[in-house]
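[1] Here is a sequence together with a model predicted from it:
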Amino acid sequence: MTLHLYNTATRNISEFKPLQPGKVGIYLCGATVQAPPHIGHIRSGVNFDILRRWLMATGFDVTFIRNVTDIDDKILHKAVHEEIPWWAVAMKYERAFTDAYKALNVLPPTYEPRATGHITQMIELMKTLIEKGHAYAPGNGDVYLEVRSLKSYLTLSNQKIDDLQSAGDSEDTFKKDPRDFALWKAAKPGDPSWPTPWGPGRPGWHLECSAMAQAYLGETFDIHGGGLDLIFPHHENEIAQSEAAGYGFAKVWMHNAWVTTAGEKMSKSLGNSLQVHELTKRVRGIELRWYLGSAHYRSMLEFSFEALEESAVAFRRIEAFLDRAIELLGKTPEGIIASGFADAMNDDLAVPAALAFISETVKNGNNAISAQDMNSLSLAVSQVRGSLNILGCDPRDEAFSNSATSNTDAIDGLISLALQQREAARARKDFAASDAIRDQIAALGIVIEDTPQGPRWTVSK
RNA sequence: GGUCGGAUGGCCGAGAGGCGAGGCUCAGGACUGCAAAUCCUGCUACACGGGUUCAAAUCCCGUUCCGACCUCCA
């Protein structure tokens, strides 16, 4: 089975056929950097990171572009509110996003273009759109896209222009039609601006993505992704701009669903506690990633702290298996992709089915430990590692290595001393003494387990 | 009003006409000096009402409830 993906544009799952054999271009709508990232933002990052890793693992040369929109209304408002320059706001939150991506092992994009770095491309695009008669500059410094001049509009969200609710108070009379949207906004006093043939101003919301996608992926590219709520208006407007300019634009549109709370799209009231840097205080980054990636990307993920904790426990079970197995094998088998895992991933990234495969494999591996069947065990470890790697959750990925392990040898020596005492006590059937030693060590956060190979210790998580 | 999605066991979460997804929790068992870990067994659910079918959680019709978008949205 080859990779099949759901395409929002066609509303069905179909075989993925790259424009060029062996290559894939992906454009993911990244952050508008006006607030710290919450898990909804980062779920999108994780979902598309899994797609990217899967494409890479199956032999594609992936060009992954994830933009940063570093100029928009909210950023300007925030700058006033926080009493710092708008560009300082953008940088501050861009850094917060970068930290969050890193904490969750989201691979850095091939390139991460910023809107403000592509004003030239935006102006060129607007010139083209005006030449082709699809955009107009009414003279006040704004530039609008004339949506009724397009032969098709709203094809992605399957709406009709006249069915849209009218946009509140239509004060701006510069628009030919209330549905027309701003490609470019005339400068207001105090706002940042860039010079254009139509006067100084700044980009509207949608223009940057069309300009940057074209700049890095060409006029036609394979996959465009983002959150479900970007379908309209953002992606519709991108399509409108790009197709009006004569570009083929994206072949496949993919949208991840939300993280919800109490059945609703994540509310602002919970927003703070669901910020990535808050949740990584509660669970490790790898565990948060496991949780966010565990539901199918097109399904709503109903967030709760209980579910998060449970998910982390389930992950630790897999991690503990790897620890035991690698200890027993005396080596770390490299990851491989098993067909059971591949079949799941090829089916529109059916991660839940892939997790079932991992569970089965861990069970087989644990049985292999009992049976001392090293070949089977080695295979199980390889398959689990290979699977976890695609999900970005291989505990042995260098991304998750922490410097604390440098003390391991010293700790191991100290605990070994205590364990020798305990073994001596056990040998003379003085279980009160042996249990006391175990309890004292446990009180320090270190778990002792007796195995057929002797006692082993782990730091309780 | 328009467009789109959802309702699955104690909980999370897949599936989309027939073969008990999987995980977590819980109960019992094996192993163990005891733990822990692991394994085995058990808990057979699909909002409601009709219909189609040999067979429906899945398809059709209707109903209820919940949610999203409609120019700030991951």
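    Great, that's in hand.

[2] for the closest residue to RNA strand B within chain A, which residues make a bridge with it?
    RNA strand B sits closest to A:Gly227 of chain A, with a gap of 1.7 Å, by CB to the nearest atom of the strand. The way it works is simple: take the backbone N, C-alpha and C, and place the C-beta from them, glycine included. Beta-bridge partners for A:Gly227, by DSSP bridges, are A:Asn256.

[3] right, and it touches A:His255 too?
    Yes: in this structure A:Gly227 lies within contact range of A:His255 using CB atoms under 8 Å: 6.5 Å.

[4] So for those two, which residue has more residues nearby?
    A:His255 (22 against 19; other CB atoms under 10 Å).

[5] What residues sit buried inside stretch A:299-314?
    A:Leu301, A:Phe303, A:Leu308, A:Ser311, A:Ala312, A:Ala314 (16 or more other CB atoms under 10 Å).

[6] Reformat those residues as JSON lines; add pLDDT.
    Formatted as JSON lines, those follow (pLDDT from 0 to 100):
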{"residue": "A:Leu301", "pLDDT": "90"}
{"residue": "A:Phe303", "pLDDT": "89"}
{"residue": "A:Leu308", "pLDDT": "92"}
{"residue": "A:Ser311", "pLDDT": "92"}
{"residue": "A:Ala312", "pLDDT": "92"}
{"residue": "A:Ala314", "pLDDT": "92"}
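
[7] Which two of those residues have the greatest separation?
    With CB to CB as the measure, no two of the buried residues of stretch A:299-314 lie farther apart than A:Phe303 and A:Ala314, at 16.1 Å.

[8] Return the helix or strand in chain A with minimum mean pLDDT.
    helix A:268-271 (a mean of 62; mean pLDDT, DSSP states H and E).

[9] Show the subsequent helix or strand relative to it.
    helix A:276-282 (DSSP states H and E).

[10] Show residues contacting that following helix.
    A:36-39, A:41-42, A:96, A:99-100, A:103-104, A:272-273, A:288, A:305, A:308-309 (CB atoms under 8 Å, 6 or more residues apart in numbering).

[11] Narrow these to those that are buried.
    By 16+ other CB under 10 Å, the contacts of helix A:276-282 give A:Pro36, A:Pro37, A:His38, A:Ile39, A:His41, A:Ile42, A:Ala96, A:Ala100, A:Ala103, A:Leu104, A:Leu288, A:Leu308 as buried.

[12] Outline the domain layout of chain A.
    In terms of domains, chain A is parsed into A:4-165+A:172-256, A:280-400, A:405-459 (source: automatic domain parsing).

[13] out of those domains, nearest to A:Gly263?
    domain A:280-400 (7.1 Å).

[14] measure that closest one end to end?
    End-to-end distance of domain A:280-400 (CA to CA, to the nearest Å): 13 Å.

[15] ok so, going back, ok now do the residue of chain A closest to RNA strand B, which residues does it touch?
    Contacts here follow CB under 8 Å, 6+ apart; on that basis A:Gly227 touches A:Cys29, A:Gly40, A:Ser44, A:His255, A:Asn256, A:Trp258.

[16] ok, the residues you listed vs A:Pro203, which is closest?
    Using CB to CB, these come closest to A:Pro203 at A:Cys29, 14.5 Å.

[17] My assumption is that that closest one lies in a strand; please confirm.
    Yes: if the criterion is DSSP: H, G, I helix; E, B strand; the rest coil, then A:Cys29 is within a strand.

[18] So it sits against A:Leu228, correct?
    No: A:Cys29 lies out of contact with A:Leu228 (CB under 8 Å); the separation is 11.5 Å.

[19] Settle it for me: which of the two has more neighbours?
    More neighbours surround A:Cys29 than the other of A:Cys29 and A:Leu228, with 22 against 14 (other CB under 10 Å).

[20] OK, contacts around that one?
    A:Arg66, A:Asn67, A:Cys209, A:His224, A:Gly225, A:Gly226, A:Gly227, A:Leu230, A:His234, A:His235.

[21] Tell me which of those fall in strands.
    A:Arg66, A:Asn67, A:His224, A:Gly225, A:Gly226, A:Gly227 (DSSP state E).

[22] where does A:Gly413 land on pLDDT?
    In this model, A:Gly413 is scored at 87, pLDDT.

[23] same check, this time on A:Leu164
    79.

[24] what sits against the nearest residue to it once chain neighbours are set aside?
    Leaving aside its sequence neighbours, A:Leu164 sits nearest to A:Arg179 (CB to CB, 6 or more residues apart in numbering; 6.4 Å). A:Arg179 is in contact with A:Val147, A:Arg148, A:Ile161, A:Leu164, A:Ala167, counting by CB under 8 Å, 6+ apart.

[25] And the contacts of the helix or strand that contains A:Ala433?
    Here A:Ala433, judged by DSSP H and E, is contained in helix A:431-443. Contacts of helix A:431-443 with the rest of the structure, by CB under 8 Å, 6+ apart, involve A:Ile415, A:Ala418, A:Leu419, A:Gln421, A:Arg422, A:Glu423, A:Ala425, A:Arg426, A:Ile448, A:Trp457, A:Ser460.

[26] got a list of what the last one touches?
    Contact criterion CB under 8 Å, 6+ apart gives A:Ala442, A:Gly445, A:Ile446, A:Val447 as the residues in contact with A:Ser460.

[27] my guess is the second one meets A:Val459, correct?
    It refers to A:Gly445. Yes: counting by CB under 8 Å, A:Gly445 sits close enough to A:Val459 to count as a contact (6.2 Å).

[28] thinking again about what came up before, let's have the contacts of A:Arg179 in JSON lines, adding neighbour count, secondary structure and distance to A:Gly386.
    JSON lines is the format used below for these (neighbours: other CB atoms under 10 Å; DSSP: H, G, I helix; E, B strand; the rest coil; distance: CB to CB, whole Å):
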{"residue": "A:Val147", "neighbour count": "22", "secondary structure": "helix", "distance to A:Gly386": "47"}
{"residue": "A:Arg148", "neighbour count": "11", "secondary structure": "helix", "distance to A:Gly386": "52"}
{"residue": "A:Ile161", "neighbour count": "13", "secondary structure": "helix", "distance to A:Gly386": "49"}
{"residue": "A:Leu164", "neighbour count": "15", "secondary structure": "coil", "distance to A:Gly386": "47"}
{"residue": "A:Ala167", "neighbour count": "11", "secondary structure": "coil", "distance to A:Gly386": "50"}
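
[29] what's the most distant pair in those residues?
    Pairwise distances across the contacts of A:Arg179 (CB to CB) peak at 14.9 Å, for the pair A:Arg148 and A:Ala167.

[30] A:Met1 - nearest residue in space that isn't next to it in sequence?
    A:Asn346 (4.8 Å).

[31] what's the burial count for the one you found?
    A:Asn346 - counted by other CB under 10 Å - has 19 other residues nearby.

[32] Counting neighbours, which bits of the helix or strand harbouring A:His77 end up buried?
    Element membership of A:His77, judged by DSSP H and E, is helix A:73-82. The neighbour-count check on helix A:73-82 (16+ other CB under 10 Å) flags A:Ile75, A:Leu76, A:Lys78, A:Ala79 as buried.

[33] right, and the third one touches A:Val89 too?
    Yes: in this structure, A:Lys78 sits in contact with A:Val89. The criterion is CB under 8 Å, and the distance is 4.9 Å.
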